[in-house]
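Asks: show me how the following folds:
(one chain, ligands or ions: 1)
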Amino acid sequence: MKFTKMHGCGNDYVYVDCTKEVIPNISETAIRVSDRHFGIGSDGLILIKASDVADFEMDMYNADGSRGKMCGNGIRCVAKYVYDHGLTDKTTITVNTLSGIKTLKLTVEDGKVSKVRVDMGEPELIPAQVPVKASVLGLADDRREAIVAEPLEIKGRSYDITCVSMGNPHCITFIGEDVRDFPLEEVGPVFEKHELFPERVNTEFINVIDKDHLRMRVWERGSGETLACGTGACAVAVASYLNGFTGRSVDIELLGGHLEVVYDEKTNHVFMTGPATEVFSGEIDL
Ligand SMILES: N[C@@H](CCC[C@H](N)C(=O)O)C(=O)O
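Replies: Here you go, the predicted structure:
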């Protein structure tokens with residue numbers, strides 16, 4: 001299998017051009033290639049496919065082989081791949097995902113994509129759609145209002161949580177201590193598998209730096225701690241705005257870089273801008 005390793009702010013995936021390759025047993029292949037000791041080493045596997053409804057299709061798998069509906073960092077890298085590898089010469093492209101068609105605007109410098117702006121669509125706030133089982137928090141399961149700053153006890157500590165889907169479920173909590181010192185490995189898996197989240201969850205732990213800046217660490221369902229999460233950053237921008245911590249435009253500092261996110265008032269869409277980087281290409285026997 002020919003592959004290309006790419007990352008967006010350190011959130012790294014193995015990319016396969018499935019307009020040319022056919023992958024057997026995709027979940028097992030994702031587990032195998034993601035292994036950082038016995039495989040290529042990545043947060044998961046992303047297949048780039050032809051599409052009947054958009055310019056391309058993205059099919060993404062986490063490191064544990066589970067399928068993701070959307071990947072914010074991944075989709076920027078898909079855009080870079082298809083442009084830099086000559087699959088398109090368009091600088092505005094559409095990509096179909098399990099959470100709908102996204103439109104991406106590519107910035108090209110010296111013939112290569114350096115930066116991508118993605119229209120991530122509207123955030124989903126209705127608890128049952130995120131999905132979140134609101135009754136676990138003592139709220140009605142058919143509630144239409146967002147879950148914003150509701151207390152949840154995890155390992156003897158109360159966290160105020162806000163729940164947002166950006167095509168995949170996110171639980172956001174703003175904490176007082178420096179996120180860089182937070183025991184994510186202990187706490188992240190407890191959030192991920194909590195009964196509140198019927199499809200597991202991605203959890204973001206956030207410091208508010210000021211009205212325009214946030215610092216974030218993330219525990220992703222299916223991959224554990226990653227250096228960045230694009231859908232997570234978008235969910236965080238929405239959550240921070242709903243909590244009144246920031247305005248509609250924020251710079252988010254992640255362990256692997258920065259993402260700019262705008263929660264647009266007119267369209268109710270979230271726009272994410274960030275880098276995409278190719279690391280190396282290779283070939284692996286499956
Ligand atoms: N890192 C991604 C999100 C990947 C999928 C996620 N772990 C899930 O299963 O929901 C991003 O950049 O958005």
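Asks: Ala235 in helix, strand or coil?
Replies: Of the three states, Ala235 takes helix under DSSP: H, G, I helix; E, B strand; the rest coil.
Asks: contact residues of this protein facing the ligand?
Replies: Residues of the chain found near the ligand (Cβ under 6 Å from any ligand atom) are 11, 62, 68, 71-74, 168, 202, 220-223, 226, 229-232. Every residue, glycine included, has its C-beta placed from N, CA and C.
Asks: please repeat the previous calculation with a cut-off of 8 Å.
Replies: Within the chain, the positions adjacent to the ligand are 8, 11, 43-44, 60, 62, 66-74, 166, 168-169, 200, 202, 218, 220-223, 226, 228-234 by Cβ under 8 Å from any ligand atom.
Asks: drop anything exposed from the residues you listed.
Replies: Buried members of the residues of the chain next to the ligand, counted by 16 or more other Cβ atoms under 10 Å: 8, 11, 43-44, 60, 62, 66, 68-74, 166, 168-169, 200, 202, 218, 220-223, 226, 228-234.
Asks: how many other residues sit next to the residue lying closest to Val136 once chain neighbours are set aside?
Replies: Spatial nearest neighbour of Val136, chain neighbours left out: Leu196 (4.4 Å); criterion: Cβ to Cβ, 6 or more residues apart in numbering. As a burial measure, Leu196 scores 23 neighbours (other Cβ atoms under 10 Å).
Asks: and if you look at the one 10 residues further on?
Replies: Counted by other Cβ under 10 Å, the residues lying close to Ile206 total 23.
Asks: A helix includes it, no?
Replies: No: looking at Ile206 with three-state DSSP, it is strand, so not inside a helix.
Asks: check contacts around it.
Replies: Ile172, Thr173, Phe174, Ile175, Val179, Leu214, Arg215, Met216, Val236, Ala239, Ser240 (Cβ atoms under 8 Å, 6 or more residues apart in numbering).
Asks: need the buried ones from those residues selected in PyMOL.
Replies: Selecting the buried subset of these in PyMOL, with 16+ other Cβ under 10 Å as the burial test, is done by:
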select buried, resi 172+173+174+179+214+215+216+236+239+240
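Asks: so which residues of this structure form helices?
Replies: When secondary structure is read from DSSP state H, the chain shows helices at 26-34, 72-84, 184-192, 230-242.
Asks: CSV for those, including mean pLDDT and distance to Ile284?
Replies: Putting those into CSV (pLDDT from 0 to 100; distance: least, Cβ to Cβ, whole Å) gives the following:
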stretch, mean pLDDT, distance to Ile284
helix 26-34, 98, 7
helix 72-84, 98, 17
helix 184-192, 98, 29
helix 230-242, 98, 26
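Asks: show me the beta-bridge partners of the residue lying closest to Thr173 once chain neighbours are set aside.
Replies: Of all residues not flanking Thr173 in the chain, Tyr159 sits nearest, at 4.4 Å (Cβ to Cβ, 6+ apart). Beta bridges link Tyr159 to Leu152 when assigned by DSSP bridges.
Asks: inside strands: which ones of the buried ones among the residues of the chain next to the ligand?
Replies: Gly8, Asn11, Gly44, Met60, Asn62, Gly68, Pro169, Asn202, Val218, Glu220, Thr226 (DSSP state E).
Asks: next, give me the two most distant ones among these.
Replies: Greatest spacing in those, by Cβ to Cβ: Gly8 and Pro169 (20.0 Å).
Asks: quick revisit: and the residue nearest to Thr173, what is it in contact with?
Replies: Pro151, Leu152, Glu153, Thr173, Ile175.
Asks: the first one touches Ser158, doesn't it?
Replies: What it means is Pro151. Yes: with contact defined as Cβ atoms under 8 Å, Pro151 reaches Ser158; the gap is 4.9 Å.
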